[in-house]
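**Student:** Provided below for reference: sequence and predicted model.
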Amino acid sequence: QVQLVESGGGLVQAGGSLRLSCAASGSIFSINAMGWYRQAPGKQRELVAAIRSGGSTAYADSVKGRFTISRENGKNTVFLQMNSLKPEDTAVYYCNADVTYYSVGRRYTDDYWGQGTQVTVSS
């Protein structure tokens, strides 16, 4: 089993910054990619940013230039630095990880999600 634990959400005024963290633990052989998604009330969950094991990154157009995703490989931790926050960034932010692990001698790759952390940006 793999667990993702997020932290760093909260309430901030427009223009402010927050830093989200997500730590993966458990029976991990390798983490192929980690990312952040968000879901606002009444909307579908959307990709915010992702980072692959090789370091390549991808961002939603709405956050380019404001958000930065980074990863601390030795600790299986991913961060999302969010600057110049806007009210429309308000959502529950979820950490996601694509993980390879071994169980009873067999190799598996599965997708895991954190419990979510609330980010609220006031105008």
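**Tutor:** Received the coordinates, thanks. Residues are numbered from 1 along each chain as shown.
**Student:** look up the residues forming beta bridges with the spatially most central residue of the chain.
**Tutor:** Most central in the chain under Cα atoms, centre = their mean is Trp36, positioned 2.7 Å from the mean C-alpha point. Beta-bridge partners for Trp36, by DSSP bridges, are Ala49, Cys95.
**Student:** that one and Ala97: what is the separation?
**Tutor:** 11 Å (Cβ to Cβ, to the nearest Å). For glycine as for every other residue, the C-beta is placed from the backbone atoms N, C-alpha and C.
**Student:** what do these two both touch?
**Tutor:** Cys22, Val78 (Cβ atoms under 8 Å, 6 or more residues apart in numbering).
**Student:** any stretches of the protein with poor pLDDT?
**Tutor:** For the chain, no stretch has pLDDT under 70.
**Student:** helices along that one, start to end?
**Tutor:** With DSSP state H, there are no helices along the chain.
**Student:** which parts of it are strands?
**Tutor:** Here the chain has its strands, by DSSP state E, at 2-7, 10-13, 18-26, 30-39, 46-52, 57-59, 67-72, 77-82, 91-103, 106-113, 117-122.
**Student:** with respect to burial, which of those scores highest?
**Tutor:** Of all the strands of the chain, strand 77-82 has the most neighbours on average by mean count of other Cβ atoms under 10 Å, namely a mean of 22.
**Student:** output the contacting helices and strands for it.
**Tutor:** Counting contacts by 3 or more Cβ pairs under 8 Å, 6 or more residues apart in numbering; DSSP states H and E, strand 77-82 packs against strand 18-26, strand 30-39, strand 46-52, strand 67-72, strand 91-103.
**Student:** was I right about Leu100 contacting Phe29?
**Tutor:** One correction, residue 100 is Thr, not Leu. Yes - using Cβ atoms under 8 Å, Thr100 is in contact with Phe29, at 4.8 Å.
**Student:** list the residues that contact both of the two?
**Tutor:** Arg107.
**Student:** now render the helices and strands packed on strand 77-82 as CSV, adding distance to Glu6.
**Tutor:** Shown next, in CSV, are those (distance: least, Cβ to Cβ, whole Å):
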stretch, distance to Glu6
strand 18-26, 5
strand 30-39, 9
strand 46-52, 13
strand 67-72, 13
strand 91-103, 5
